[in-house]
Structures are given as C-alpha cells and as structure tokens.
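A.B. asks: Structure for this input, please:
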Amino acid sequence: MSVVIDLANLDAEDFRSLIQAHKALMLETTPPESSHALLIDGLKAPGITVWDMRENGMLIGCGALKRLSDGRSGEIKAMHTVAQFRKGGLGRRMLNHLLAEARSRYYARVYLETGSQDAFYPARKLYESAGFAYCGPFEGYRDDPNSVFMVYTFA
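C.D. replies: Next up is the predicted model:
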C-alpha cells in the first residue's frame, strides 16, 4: 500500500466531502450540542494544522492537530479514516504522525475528545493502546455524558 500523509488542501472537493461525511457520521450517534467535529471553516482556524492521507492519490483519511492556549499542549481534531479502509492500521498511522508532529512542536501533552457511545469504542481502544489516559474536560470543554476526554503525556 502506497500511503502518503501530507498537508491537506482544505479547499479540495474530495477533502471538503470527507469532512462533511465525517460530521454527518458523528451526528448519527451524538446529539448536535455534544458534537465537536469541525467543518472546513473550523479547520481553517489559526493554530490548526490538517493533514490528509492518500493512497495512489485517493483520499482515505485525515487528521488535525490544534495548538492549545497554553502553547505547550495540543488537541487531536478530525481523525477520520474512510470506512472501507478501517481496521487496516491507517488510524494508528495517522495517530503516530500527529504525535510525532506534537513532539516536534515540543508539546508536553496532547488531548482529545471523542464520543462515549459504543460507536466510538474502536477509537477509544486505539487511543488507549497508544498510551492515552482518561482525563477530565480541557480547554473549554465541559463534562458531557456524550464525551470522553483523554490525554497523552510525553515522557
């Protein structure tokens, strides 16, 4: 498999469609007021870097890293792998890329928010296996029964 992770073109039609599909998928299991998935305008905010994952030019996933206000921490945003490519290790590959990028930025910690519903179980297991621990809300999030918060601390 010839997979390449590179900075995303947020205006590319295939990328815009992927983000719309990602948001729609999140809303299938999460109430709108508890869904924190960003659309394109949100991903264009200062402090957010977005990567796409392509195989032979075809978009198969994405991930984003947001710089948090303390300047020493980041947040993983928009982790998504196209359905037919899931369970092949691509999510882990993007996660490893995001953690390597966070390390290169000298972040002490990387946080994330994901869903508490059964549909998010595979994502939570991926993050646990990478060394993320459960934590409380961070950077403006609030306790929410639909959300789970996790943190990875660099040694």
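A.B. asks: So for the chain, the centremost residue is which one?
C.D. replies: Nearest to the geometric centre of the chain sits Met79, at 2.9 Å (Cα atoms, centre = their mean).
A.B. asks: which SS class is the closest residue to it other than its chain neighbours?
C.D. replies: In this structure, Met79 finds its nearest non-sequential neighbour in Gly63, 4.9 Å apart by Cβ to Cβ, 6 or more residues apart in numbering. Glycine gets a C-beta too; all of them are placed from N, C-alpha and C. Classification of Gly63 using DSSP: H, G, I helix; E, B strand; the rest coil returns strand.
A.B. asks: check contacts around Gly63.
C.D. replies: 5, 50-51, 53, 76-80, 94-95, 97-98 (Cβ atoms under 8 Å, 6 or more residues apart in numbering).
A.B. asks: tell me which of these is nearest to Tyr106?
C.D. replies: Ranked by distance to Tyr106 (Cβ to Cβ), the contacts of Gly63 are led by Leu98 at 14.7 Å.
A.B. asks: Where does the closest one fall, secondary structure wise?
C.D. replies: helix 90-104 (DSSP states H and E).
A.B. asks: Would you pull up how far the lowest-mean-pLDDT helix or strand in the chain lies from the middle of the chain?
C.D. replies: For the chain, using mean pLDDT, DSSP states H and E, the weakest element among its helices and strands is helix 13-29, scoring a mean of 89. Helix 13-29 sits 13 Å away from the centroid of its parent chain (Cα atoms, centre = their mean, to the nearest Å).
A.B. asks: Pull out the buried positions in it.
C.D. replies: 15, 18-19, 22-23, 26 (16 or more other Cβ atoms under 10 Å).
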